Structure formats: C-alpha cells, structure tokens
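Asks: With the input below, show me the fold.
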Amino acid sequence: MQGPRPVVLSGPSGAGKSTLLKKLLQEYKNVFGFSVSHTTRKPRPGEVNGKDYHFVSREEMQKEIDAGEFIEHAEFSGNMYGTSKGAVQAIQAQNQICVLDIDIQGVKNIKRTELNPIYISVQPPSIDVLEKRLRDRQTETEESLRKRLTAACVDLELSKEPGLFDLVIINDDLEKAYSELKEILLEVSPAFRGSCLSPSLRVTGAQFCSSSPCRKSRRPKNPASPELSLLGRFNFAHHSWSAPRHFIPRDIPSSLIPFQSYSRIFLLKENKTWSRLCLC
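Replies: All right, here's what the predicted structure looks like:
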C-alpha cells in the first residue's frame, strides 16, 4: 500500500487508546485519518455507524474476509472485528497518516503483511484502574467485565513479546500520555513532522543527543500465571518492558533533574533517534 507509514494503536479495552486517538484526530484532523474497523457486534449507545465502526452482519463480513478484502480480523466474545484494505487505502489516498485501533491478535496478523506500521501499545497502570474505568462506562455486565479483564491480562502478557511493539505508553495520566504519543510520532513519522505546525513540538537536533544514559529495568513482583490473570490482580506498574532507556539532554545538568520529573516513554528499539525522554 502506498502513502505515509500507518500507526497502530493497541491495548486492552479501557486502557484509553480510543480517547487518545480522538484527541489526536481532533488536533490534527488534516494529518491523521482513522481506519474505521468492521464488527458484527451491536452498536453501543452513542456509537455511529461508519464513524466508530462499520456495523455489519456476520455473513456479510465473512464473505468479504473470504474474498481477501481484510488486512486482519479476529473474534472476541462471539463478535468479529477486522480492518479492511479499503478503509486503509481510502485514508492513504488522501495522503494522510492512517491510524488503526486493533487488538493484540490484529497486531500479530498485521505483522505478517506488508503494511509496516508503527506499533504503539497503550496500557493501564494497574488492573484495578482498568476495572474502574470499565465499570464507569456502565456498559458492561459482570460476565462481560470478567471476560474483558481476563482478556486484558492475556493481552498485556502477550505484549511482552520482543519486537511486537515499538513503544509502550502507560496511561496513568491522559494529558501526559497524549504528550508522549505526539512526541514519539513527531520523532518517527516524517509525514507528521512535516505537517506539524505547533511550535511546542518543534525540537532541535541537540535535544536528541544524550549524555550519561541511565537504564532502568522494571520487573513484575510475581510471575504471571493463569490463576493470577483470572483474579485480575497483576500489577502492571512493575512490569518489565525490555530495559527501557532514558536519555537526558546534554545541556541540562543530570544531577539536578530527578528521574520523576521526566515523562515515562518506554522505547523498545535501539535506534538512537528514538531514545529521548522529554521533560514534563
């Protein structure tokens, strides 16, 4: 497919990826375009057909899948979800950056295609926070909530696979998470960098340089297990993301800047141009 390199946002339901995506599309509506997925589930209150999802019948969606019209598709809780080739091509034809909101199965499926997007995982700070967010929606039954929490534990466990994601954002503060998302897109997407007009996002080459990089590895307190996942009590805040690297700009004395004053951007690639930690 021709056009700017797409962006994949993935993460468990309730992690906040849809909220981040909406903010991005509102601020840069001429730069990014949302690839509207297909699903066989019923619309939730407030959802609009063709905007949030293409709501179709199982028969219709299966027919298009069999015809090779989908880049990826998966099934969750008895409902089918998928991304059509036409949805992505329509955005790329407008020379916009296509953003896809897909689950972990979809990520693995897209890895087997030639789409070559930037993979970003949006994750909650803890399962307790995730559960609260899902309950606050008031759209879940106890059974559906249990299924989503179990799926979230599996999702976050699978996300540890090396090379699966280029970036992991822990969404414990929406504005910080959104700033992190924009910063990394500015660094890795030439199309976004060339279209961005916000002075606050202009950076100099010196800001990408580093002095005395410090490494911090985070490991889970307890090994993940099916029993622990079912209980939904895995503490993701202590999760390990392949030894994230934090770099301090060389024009700021590192001894005077506490680690907590920096945004948490977990970079999983060794490319030095990605290895920057921005000031809050």
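
Asks: Can you pull the poorly scored residue ranges out of the stretch 1-150 of the chain?
Replies: The stretch 1-150 of the chain contains residues with pLDDT under 70 at 1-2.

Asks: can you give me the helices in it?
Replies: Ranges of helices in the stretch 1-150 of the chain, per DSSP state H, counting those that start in this stretch, are 17-27, 58-66, 85-92, 104-110, 127-137, 142-158.

Asks: what's the burial count for Pro124?
Replies: Pro124: 24 surrounding residues under other C-beta atoms under 10 Å. Heads up, the C-betas are built off the backbone N, CA and C, glycines and all.

Asks: was I right about it contacting Lys17?
Replies: No. Distance between Pro124 and Lys17: 10.4 Å, which falls outside the contact criterion (C-beta atoms under 8 Å).

Asks: Need the overlap of contacts for the two.
Replies: Asn171 (C-beta atoms under 8 Å, 6 or more residues apart in numbering).

Asks: for the helices of the stretch 1-150 of the chain, which one ends up most surrounded?
Replies: When these are scored by mean count of other C-beta atoms under 10 Å, the highest mean neighbour count falls to helix 104-110 (a mean of 20).

Asks: Would you mind pulling the contact partners of that one?
Replies: For helix 104-110, using C-beta under 8 Å, 6+ apart, the contacting residues are 8, 10, 71-74, 81-83, 100, 102, 117, 119, 154-155, 158-159, 164-165.

Asks: Filter these down to the buried ones.
Replies: Among those, those classed as buried by 16 or more other C-beta atoms under 10 Å are 8, 10, 71-74, 81-83, 100, 102, 117, 119, 155, 159, 164-165.

Asks: Arg135 - nearest residue in space that isn't next to it in sequence?
Replies: Leu145 (7.0 Å; C-beta to C-beta, 6 or more residues apart in numbering).

Asks: thought the one you found was touching Arg133?
Replies: No. Leu145 is not in contact with Arg133 according to C-beta under 8 Å; the separation is 10.9 Å.

Asks: which residues are common contacts for those two?
Replies: Common contact partners of Leu145 and Arg133 (C-beta under 8 Å, 6+ apart): none.

Asks: Okay, now the unreliable bits of the stretch 151-280 of the chain?
Replies: Scanning the stretch 151-280 of the chain with the threshold set as pLDDT under 70 gives 189-191, 193-280.

Asks: let's see 50
Replies: Along the stretch 151-280 of the chain, the model assigns pLDDT under 50 to residues 197-280.

Asks: and Glu72, bridged to which residues?
Replies: Judged by DSSP bridges, the bridge partners of Glu72 are Thr83.

Asks: who touches Glu175 in this structure?
Replies: For Glu175, the contact set (C-beta under 8 Å, 6+ apart) is empty.

Asks: Give the helix, strand or coil label for it.
Replies: helix (DSSP: H, G, I helix; E, B strand; the rest coil).

Asks: Kindly report the same for the one 10 residues further on.
Replies: The assignment at Leu185 comes out as helix when based on three-state DSSP.

Asks: tell me which residues form a beta bridge with Ile118?
Replies: Going by DSSP bridges, Ile118 forms beta bridges with Val7.

Asks: That one contacts Val188, doesn't it?
Replies: Yes. In this structure, Ile118 is within contact of Val188 by C-beta under 8 Å, at 5.8 Å.

Asks: Need the residues touching each of those two.
Replies: Common contacts of Ile118 and Val188 (C-beta under 8 Å, 6+ apart): Asp166.

Asks: mind listing what the residue nearest to Val56 when sequence neighbours are not counted touches?
Replies: Nearest residue to Val56, sequence neighbours excluded (C-beta to C-beta, 6+ apart): His38, at 5.6 Å. Contacts for His38 (C-beta under 8 Å, 6+ apart) come out as 53-54, 56, 61, 64, 70, 73, 80-84.

Asks: hmm, 10 Å instead?
Replies: His38 makes contact with 53-56, 60-61, 64-65, 69-70, 73, 80-84, 87 under the criterion C-beta atoms under 10 Å, 6 or more residues apart in numbering.

Asks: Bridged to it, which residues?
Replies: His38 has the following beta-bridge partners by DSSP bridges: His54, Gly82.

Asks: if we can go back for a sec, quick check: the gap between the residue nearest to Arg135 and Gly14.
Replies: According to C-beta to C-beta, to the nearest Å, Leu145 and Gly14 sit 10 Å apart.

Asks: Please enumerate the shared neighbours of the two.
Replies: Common neighbours of Leu145 and Gly14 (criterion: C-beta under 10 Å, 6+ apart): 131, 134-135, 137.
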